[in-house]
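Engineer: After the sequence you'll find the predicted model.
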Amino acid sequence: MGALFCLESRVKKLIKNYPFAARFVVGCALLLLGVAIYWPGLSGGFFFDDSVNILEPAGVQLKSISRESLLNVWESGVGGPLRRPVSMLTFAANYYLSGFSPFFFKLTNLLIHCGNAVLVYFLSLFLVRAASPSIDRLHSARLIAAVVAALWAFNPIQVTSVLYVVQRMTSLSSMFVLMALILHIWARQRQGWSWANVACYVAAWGVLLPLAVLSKETGILYLLYVAAYEALLRRNFAGGLDRSAKLYLVLLGLACLGLLLYLGLGPGLGLLGGYRDRAFTLTERVLSEFRIIWAYIGLILMPSLPNFGLYHDDFVVSTGMLKPIGTVFAILGLVILGAFAWFARIRAPIVSFGVFWFLVGHSLESTIFPLELMHEHRNYLPSLGIMLVIGAVLTSKRMAEPKFRLLISGGILALFFYFALITHLRADLYGDDFRRTQIEADYRSESVRSQYEAGALRVNMYNQHRAQILAGFADKYFKRVNELDPTYKLGLVGMLQLDCLYDRSARAEVFEELKRRLEDGKWIPFDRTVMHGIAEMANEGTICLSREQIDELFAVAVGNRYTSSEDRSVIRSDYVLYLWLGQKDYVAARNVLAKAVADNEDDVLNRINLLQLSRLQGDKKGALTLLADLQRRRLSRQDRALVQDVINELAAQGVVSNGL
């Protein structure tokens with residue numbers, strides 16, 4: 001014990017004599033440790049939503065720097081209502097420099113995360129000083145900020161935000177939010193309207209906030225983070241709310257009220273219409289999220305490898321206050337937590353702020369909107385609130401007692417190394433796709449997606465090595481998928497693909513079951529992937545179904561009573577892919593495509609494809625009619641380029657003039 005006190009004394013003396021050098025060395029050491037911990041995970045591949053957001057959009061494949069190509073990138077996003085163009089530009093930059101190399105995409109994510117750790121340090125420093133203006137020594141505030149930043153950066157829940165490439169959208173948006181908050185708080189603590197303060201406000205609100213929102217829509221939570229700071233910490237720092245804070249809180253309150261009215265009464269109902277495609281209702285989602293919030297807190301504070309995973313679709317939905325019974329206790333617990341945070345705002349403002357920060361961070365993705373129930377990356381910035389609560393222990397007056405200080409310091413140090421160990425193990429897991437999928441399938445035996453992904457990877461390996469044991473394991477995973485979810489369809493498609501790879505006829509019972517699910521099962525957006533996959537595999541010869549069988553599958557899918565007109569349009573588009581490219585049946589393809597156009601008047605790509613088919617069949621009148629219709633529409637830059645290509649081809653044939 002005496003040796004530990006002696007070591008503590010020497011460390012303090014070193015920091016006192018060489019403050020800047022000590023901070024610089026410690027900071028660099030932590031950043032290097034972070035890189036070392038995550039390094040094994042950089043060798044992993046793309047997965048899940050990486051494909052639709054990064055690999056498939058043509059705009060991401062930036063080959064030259066020009067105004068036209070950058071505008072194509074800007075418009076290429078498919079995620080969120082704003083399409084997240086800033087994030088898409090960074091993906092395109094990665095492709096431009098290194099192609100589709102997952103290593104460099106993930107390395108970029110890691111560098112963003114390291115930068116965010118530095119930003120978290122400075123933000124925490126401002127927050128601690130605002131919560132405790134009379135803190136005895138500046139280096140105490142810096143120590144607390146360093147502890148908060150280290151615990152946040154090394155927490156295992158951050159792994160998917162770093163090694164799951166598309167979640168750069170989350171970390172990039174968070175980076176701009178952190179920068180904007182630092183500038184806003186710095187200017188507010190300096191007070192007044194000096195040129196420096198005005199520049200900070202302009203940069204924070206006029207530049208960084210838009211960049212955050214255009215990286216991912218969750219950047220708008222900056223407005224609520226500012227409100228929490230003004231109402232809790234700024235009030236404590238300044239001795240009350242000034243006129244600017246009061247005006248901001250009133251205007252924000254009115255804006256939130258207007259948003260609620262918009263969602264509840266106006267056209268905003270369309271945002272909630274997505275529940276038609278979910279396996280849960282609005283009420284069930286809201287009830288489930290109370291339990292999910294506590295599950296997140298458990299993952300943050302008590303991380304355990306088996307509890308983590310890319311997919312959490314095995315989470316049991318709350319269908320009522322008592323179903324399961326934990327729902328009512330979760331609601332009661334959050335009410336108590338919120339009340340505690342409110343009453344603690346005077347005596348323990350940093351604790352109060354930390355709790356509200358965490359809750360505010362989940363106010364968008366963990367409330368009423370029809371998103372998937374649970375994902376770990378949603379805690380990237382909210383988890384900072386939990387770390388602030390831990391850091392607040394270091395502001396206790398009892399820290400003056402040597403034994404208490406040693407106990408708390410040892411506990412936090414142990415927690416840090418435990419976080420680092422679990423993070424490293426998770427990173428190592430994500431460094432190899434086979435290892436990740438098989439272990440996560442074992443950990444999450446009730447997760448349909450985890451089981452399917454493990455089976456799909458085995459199929460890909462069987463394609464390469466033709467080892468029967470691989471196919472056997474894949475079939476086992478697909479059967480498990482079918483047991484877990486009687487509406488899931490991809491597992492059956494995987495089994496039919498295995499039959500083809502085995503050079504045997506498709507199992508009749510599997511085909512009939514797939515046909516039944518396509519005909520009677522509830523239709524969800526993910527099922528569009530099923531039909532697209534069937535069309536592509538049929539064209540490639542990796543699913544051995546006859547033309548008649550493919551026709552049957554698409555016929556029952558189109559006839560499913562749960563499909564919308566937009567769903568039917570997409571299904572028919574995939575059917576056209578099979579008829580046109582696979583069967584070379586242009587007449588049938590054109591007839592189906594005409595129906596797809598009728599199903600969805602706004603789908604420009606279907607009209608362009610129909611125009612191309614009309615041209616191929618020599619229907620000049622039909623081609624000109626479609627061309628005139630397309631030219632009256634507002635088209636994206638990429639769609640205009642496609643139309644121009646067809647015009648050029650028609651001009652070469654003398655059907656239209658070059659000036660059209």
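Structural biologist: That came through, no problem. Numbers count the residues shown, from 1 in each chain.
Engineer: In contact with the spatially most central residue of the chain, which residues are there?
Structural biologist: Nearest residue to the geometric centre of the chain (C-alpha atoms, centre = their mean): Gln167, 4.7 Å. Shown in contact with Gln167 (C-beta atoms under 8 Å, 6 or more residues apart in numbering): 109, 160-161, 377, 380. In this view, the C-beta of every residue, glycine as well, is placed from N, C-alpha and C.
Engineer: Next, it: phi, psi?
Structural biologist: Phi and psi for Gln167, reported as degrees, to the nearest 10, are phi -80, psi 10.
Engineer: From Asp313, how far out is it?
Structural biologist: Note on Gln167: its distance to Asp313, by C-beta to C-beta, to the nearest Å, is 17 Å.
Engineer: pLDDT value on the residue nearest to the centre of the chain, please?
Structural biologist: pLDDT recorded at Gln167 is 96.
Engineer: repeat for Arg572
Structural biologist: 92.
Engineer: hmm, who's touching the helix or strand hosting it?
Structural biologist: Assigned by DSSP states H and E, Arg572 falls within helix 565-577. Helix 565-577 is contacted from outside by 523, 528, 531-532, 534-536, 539, 554, 557-558, 560, 563, 589, 592-593, 595-597, 599-600, 603, 605-606, 609, using C-beta under 8 Å, 6+ apart.
Engineer: What is the following helix or strand past that helix packed up against?
Structural biologist: Scanning forward in sequence from helix 565-577 by DSSP H and E, the next helix or strand is helix 586-599. Applying 3 or more C-beta pairs under 8 Å, 6 or more residues apart in numbering; DSSP states H and E, one finds that helix 586-599 contacts helix 565-577, helix 604-616.
Engineer: Alpha carbons of the last one, as PDB, please.
Structural biologist: What follows is helix 604-616, C-alpha atoms only, in PDB (Å, rounded to 0.1, in the frame of the first residue of the first chain):
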ATOM      1  CA  VAL A 604     -37.800   6.500 -63.300                       C
ATOM      2  CA  LEU A 605     -35.400   3.600 -63.700                       C
ATOM      3  CA  ASN A 606     -38.200   1.300 -64.800                       C
ATOM      4  CA  ARG A 607     -39.200   3.800 -67.400                       C
ATOM      5  CA  ILE A 608     -35.600   4.100 -68.700                       C
ATOM      6  CA  ASN A 609     -35.400   0.300 -68.900                       C
ATOM      7  CA  LEU A 610     -38.700   0.200 -70.800                       C
ATOM      8  CA  LEU A 611     -37.400   2.800 -73.100                       C
ATOM      9  CA  GLN A 612     -34.300   0.700 -73.800                       C
ATOM     10  CA  LEU A 613     -36.400  -2.500 -74.400                       C
ATOM     11  CA  SER A 614     -38.700  -0.500 -76.800                       C
ATOM     12  CA  ARG A 615     -35.600   0.600 -78.700                       C
ATOM     13  CA  LEU A 616     -34.200  -3.000 -78.800                       C
END
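Engineer: now the helix or strand that it is followed by, how far from the centre of its chain.
Structural biologist: Moving toward the C-terminus from helix 604-616, the next helix or strand (DSSP H and E) is helix 620-632. Centre-to-centre, helix 620-632 and its host chain are 40 Å apart (C-alpha atoms, centre = their mean, to the nearest Å).
Engineer: thinking again about what came up before, in helices only, show me the contacts of Gln167.
Structural biologist: Using DSSP state H, the subset of the contacts of Gln167 located in helices is 109, 160-161.
Engineer: And those, which is closest to Phe290?
Structural biologist: The closest of these to Phe290 turns out to be Thr160 (C-beta to C-beta; 22.4 Å).
Engineer: Tell me how many other residues crowd the closest one.
Structural biologist: As a burial measure, Thr160 scores 23 neighbours (other C-beta atoms under 10 Å).
Engineer: How about Ser505?
Structural biologist: Neighbours around Ser505, by other C-beta under 10 Å: 12.
Engineer: for Val25, same thing?
Structural biologist: 11.
Engineer: Does it lie in a helix or a strand, and which?
Structural biologist: Counting by DSSP H and E, the element that carries Val25 is helix 19-38.
Engineer: Just the buried positions in that helix, please.
Structural biologist: Buried residues in helix 19-38, counted by 16 or more other C-beta atoms under 10 Å: 23, 27, 30-31, 34, 37-38.
Engineer: now swap in stretch 579-594 and tell me
Structural biologist: Of the residues in stretch 579-594, 579-580, 582, 588-590, 592-594 count as buried by neighbour count, 16+ other C-beta under 10 Å.
Engineer: Give me the distance between the two termini of it.
Structural biologist: Start-to-end span of stretch 579-594 (C-alpha to C-alpha, to the nearest Å) is 13 Å.
Engineer: Could you list the domains of this protein?
Structural biologist: Here the domain parsing of the chain from automatic domain parsing is 2-46+100-428, 447-601, 605-660.
Engineer: Next, count neighbours for Gly273.
Structural biologist: 11.
Engineer: residue ranges with poor pLDDT in the stretch 201-350 of the chain?
Structural biologist: Confidence mapping of the stretch 201-350 of the chain against pLDDT under 70 gives the ranges 265-271.
Engineer: If I look at Arg10, what pLDDT would I see?
Structural biologist: We have a pLDDT of 53 for Arg10.
Engineer: wait, what's in contact with Cys114?
Structural biologist: Cys114 sits next to 31, 34-35, 153 when contact means C-beta under 8 Å, 6+ apart.
Engineer: swap that for Met175, sorry
Structural biologist: 112, 115-116, 119.
Engineer: what's the burial count for Arg504?
Structural biologist: Residues lying near Arg504 (other C-beta under 10 Å) number 10.
Engineer: That one belongs to a strand, doesn't it?
Structural biologist: No. Counting by DSSP: H, G, I helix; E, B strand; the rest coil, Arg504 is not found in a strand; it is coil.
Engineer: Can you tell me how far it is from Tyr462?
Structural biologist: According to C-beta to C-beta, Arg504 stands 14 Å off from Tyr462.
Engineer: what is in contact with these two at once?
Structural biologist: With C-beta under 8 Å, 6+ apart as the test, Arg504 and Tyr462 reach no residue in common.
Engineer: Pretty sure His312 sits against Arg378.
Structural biologist: No. Taking contacts as C-beta atoms under 8 Å, His312 lies outside contact range of Arg378: 10.5 Å.
Engineer: so Trp342 is in which element?
Structural biologist: If you go by DSSP H and E, Trp342 is part of helix 326-343.
Engineer: Determine the set of other helices and strands touching that helix.
Structural biologist: helix 282-301, helix 349-361.
Engineer: Give the buried residues for it.
Structural biologist: Here helix 326-343 shows 327-328, 330-331, 333-334, 337, 341 as buried, counting by 16+ other C-beta under 10 Å.
Engineer: next one: stretch 416-432
Structural biologist: Quick answer for stretch 416-432 (16+ other C-beta under 10 Å): 416, 419-420, 422-432.
Engineer: Specify the stretch among the helices and strands packed on helix 586-599 that is closest to Val86.
Structural biologist: Nearest to Val86 among the helices and strands packed on helix 586-599 is helix 604-616 (24.7 Å), distances taken as C-beta to C-beta.
Engineer: List the contacts of the closest one.
Structural biologist: Residues from elsewhere that reach helix 604-616 (C-beta under 8 Å, 6+ apart): 569, 573, 576, 580, 586, 589-590, 593-594, 596-597, 600, 622-623, 626-627, 629-630, 633, 635-636, 639, 642-643, 646, 649-650, 655.
Engineer: Measure how that helix sits relative to helix 565-577, angle-wise.
Structural biologist: Helix 604-616 runs at 40 degrees relative to helix 565-577, counting by axes from the mean of the first three to the mean of the last three C-alpha atoms, to 10 degrees.
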